[in-house]
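Asker: just coords:
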């Protein structure tokens, strides 16, 4: 694996896993565009991903900005494909979204994020 995952021990219990927050993980990678797929495969193949916070960024470790799903450097369709590749079958959601003055409650931003995710999942279902 090209990245170092620092884990003292990964429990083999069927209920032990993680909420994979993509933004939190990507902000700690030097090359998030490439390395996030290795992280997903590492935990996904072990069936240890139980929830995904589906978020995008621009930048890398210590120099990043969270952005809307379609404005970042990460190919979110490819991220969804990698999740599909490892057999991930649970929730994919934005846990929060960037704010803007015209949408103080975040309703438009959340609606956009959920529909974007739905479109990605439909594209994978239809086209692979």
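Answerer: That came in fine, so what should we check first? Small disclaimer: the values here were computed from a predicted structure and weren't measured.

Asker: what does stretch 27-44 contact?
Answerer: Defining contact as CB atoms under 8 Å, 6 or more residues apart in numbering, one finds that stretch 27-44 is touched by 1-3, 5, 17-18, 20, 22, 25-26, 49, 57, 59-62, 64, 73-75, 78-79, 82-83, 85-88. C-betas here are computed from N, CA, C, even on glycine.

Asker: for the protein, what's the longest helix?
Answerer: helix 107-127 (DSSP state H).

Asker: all helices of this structure, in order?
Answerer: Along the chain, counting by DSSP H, helices occupy 22-26, 32-45, 76-85, 107-127.

Asker: can those go into JSON lines with extra columns for distance to residue 99 and mean pLDDT?
Answerer: As requested, those are exported to JSON lines (distance: least, CB to CB, whole Å; pLDDT from 0 to 100):
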{"stretch": "helix 22-26", "distance to residue 99": "15", "mean pLDDT": "92"}
{"stretch": "helix 32-45", "distance to residue 99": "22", "mean pLDDT": "94"}
{"stretch": "helix 76-85", "distance to residue 99": "20", "mean pLDDT": "98"}
{"stretch": "helix 107-127", "distance to residue 99": "7", "mean pLDDT": "96"}
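
Asker: buried deepest among those, which one?
Answerer: helix 22-26 (a mean of 21; mean count of other CB atoms under 10 Å).

Asker: phi, psi for the spatially closest residue to residue 48 that is not a sequence neighbour please.
Answerer: Nearest non-adjacent residue to residue 48, counting by CB to CB, 6 or more residues apart in numbering: residue 17, 4.0 Å away. Backbone torsions for residue 17, taken as degrees, to the nearest 10, come to phi -170, psi -160.

Asker: from memory residue 17 sits against residue 52, does it?
Answerer: No - using CB atoms under 8 Å as the test, residue 17 is too far from residue 52 to be in contact (11.3 Å).

Asker: so which of the two has more stuff around it?
Answerer: Taking other CB atoms under 10 Å, residue 17 and residue 52 do not tie; residue 52 has more neighbours (24 against 17).

Asker: good, wrapping up.
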